[in-house]
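S.K.: Turn this into a model:
(one chain, ligands or ions: 1)
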Amino acid sequence: MRILVVSTPVGALGSGRGGGVELTLVSLVAGLLERGHRLTVLAAEGSELPPACATAALWTCSGSSQPSAQHQERDAPITMPADGLLPRFWRRVLAEAPAAGFDAALNLAYDWLPFWLTPTAPLPIFHLVSMGSVSRAMDAVIAEIAAWDQHRLAFHTQAQAADFALPAAPVLVGNGFDLSAYGFCAEPEALLGWAGRVAPEKGLEDAAAAAAQLGLPLAVWGLVEDEAYAAAVEASVPAGTLQWRGFLPTAQLQAELGCCRALLNTPKWNEAYGNVVVEAMACGVPVVAYRRGGPGELVQPGVNGLLVEPDNVVALAAAAAEVGAIDRRACRQWVEAHASRAVLAERVEAWLLQGLVAAGPG
Ligand code: HBI
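M.R.: Prediction:
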């Protein structure tokens, strides 16, 4: 197939501002290229694609970044900068895609416009929904497209899809990672880890409190999206508990992440998937996670980690103390079987082909 993949308008690929969707985009583009498809990526000016995506075409647009959807009020109206990346992306798709001969456009943005355009667009638009429910406007437009032709939607996990009004069982594609980029570490240090955008919905304060209870340092990787929140978490534990490691490219992240005895995963929202959970397991690091959202489905208790009652910091610390019993090699093996690039690409290909066959009304 000839596929146009439209990226997130919250930031350029490689900047870290896109969070998990950047990793998902690179994995599915590289995986689909491997399977012989022809890919074009539409992303913000300044975006960079890794060597694995070198044979994909890259179209870019300048423009203002779209405000993050998860930080809006649930009842907020749709907002869009007039000189924004979002309207410019979709002006480009509608203007150029028909002549370019794409079989489909695959939208990775969690934004109202591409969903709203879907029933009347001049080419089939598919959406890999990247988050759980964050606003009524997005819930409504996702429900509208599901009612019109649910084949056009896919989700990462069952827990995420359950947030939305779907007439039929959801297409689930999980996620996929370039496992050659993650080294296995058999012997960890006396160190706990936490990774993700540093923002309130990610619950860093709970992981910090659990580490302080255990008297272990907590390494923190990720873009500090909310400075005030980060400062408040730092102040909530004894000095030296947190080691702020910043947003690192995968090569550096995995080298440091592998040294952890466990990764603590403490989402306060319905995390759609939980990329960092799989990245840790790929390095042999078991994950202690709240039984919530995507991580609640990825962690297989006793095999690749432990699940605890959400928001229970005492239980989080107790489980983190038990995690030495987990076989670190089994964590790596689970990822190889369930979250490789090849597995993701197979699922995405099947989804698109099925969706193209089941032509939606109109
Ligand atoms: N917000 N408006 C908007 N659009 C996105 O595509 C978007 C977002 N917030 C976060 C985000 N994408 C990514 O971090 C996803 O991986 C969740």
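S.K.: Could you spell out the sheet neighbours of the longest strand along the chain, each with its direction?
M.R.: Assignment by DSSP state E gives strand 38-44 as the longest strand of the chain. In the sheet, strand 38-44 lines up against strand 2-6 (parallel), strand 57-61 (parallel) (DSSP bridges).
S.K.: what's the neighbour count on the closest residue to Glu309 other than its chain neighbours?
M.R.: Nearest in space to Glu309, with sequence neighbours left out and distances taken as C-beta to C-beta, 6 or more residues apart in numbering, is Ala315 at 5.3 Å. Bear in mind the C-beta positions are built from the backbone N, C-alpha and C, glycine included. Residues within reach of Ala315, counting by other C-beta atoms under 10 Å, total 18.
S.K.: give me every residue that touches whichever residue of the stretch 1-150 of the chain sits closest to the ligand.
M.R.: In the stretch 1-150 of the chain, the residue that lies nearest the ligand is Gly19 (2.7 Å; C-beta to the nearest ligand atom). Counting by C-beta atoms under 8 Å, 6 or more residues apart in numbering, Gly19 touches Val10, Gly196, Arg197, Leu223.
S.K.: next helix or strand past the helix or strand harbouring Ala230?
M.R.: Using DSSP states H and E, Ala230 sits within helix 227-235. Using DSSP H and E, the helix or strand that follows helix 227-235 in sequence is strand 242-246.
S.K.: how about CSV for the strands paired with strand 38-44, with mean neighbour count, distance to the ligand and mean pLDDT added?
M.R.: Listed next are the strands paired with strand 38-44 as CSV, based on neighbours: other C-beta atoms under 10 Å; distance: least, C-beta to the nearest ligand atom, whole Å; pLDDT from 0 to 100:
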stretch, mean neighbour count, distance to the ligand, mean pLDDT
strand 2-6, 22, 10, 98
strand 57-61, 17, 14, 98
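S.K.: Out of those, which gets nearest to Tyr273?
M.R.: Comparing these by their distance to Tyr273 (C-beta to C-beta), the top pick is strand 2-6, with 17.5 Å.
S.K.: Pull out the buried residues from the following helix or strand past the closest one.
M.R.: Per DSSP H and E, the first helix or strand lying C-terminal to strand 2-6 is helix 20-34. Buried residues in helix 20-34, counted by 16 or more other C-beta atoms under 10 Å: 20-33.
S.K.: just to revisit the earlier point, among the strands paired with strand 38-44, which is nearest Ala146?
M.R.: Judged by C-beta to C-beta, the one of these that comes nearest to Ala146 is strand 2-6, at 19.4 Å.
S.K.: from the chain's centre, how far out does that closest one sit?
M.R.: Strand 2-6 sits 19 Å away from the centroid of its parent chain (C-alpha atoms, centre = their mean, to the nearest Å).
S.K.: Touching it from outside, list them.
M.R.: 25, 28-29, 32, 37-42, 56, 89-90, 93, 97, 100-109, 114, 352.
S.K.: among these, which are in reach of the ligand?
M.R.: Among the contacts of strand 2-6, proximity to the ligand is found for Ala109 (C-beta under 6 Å from any ligand atom).
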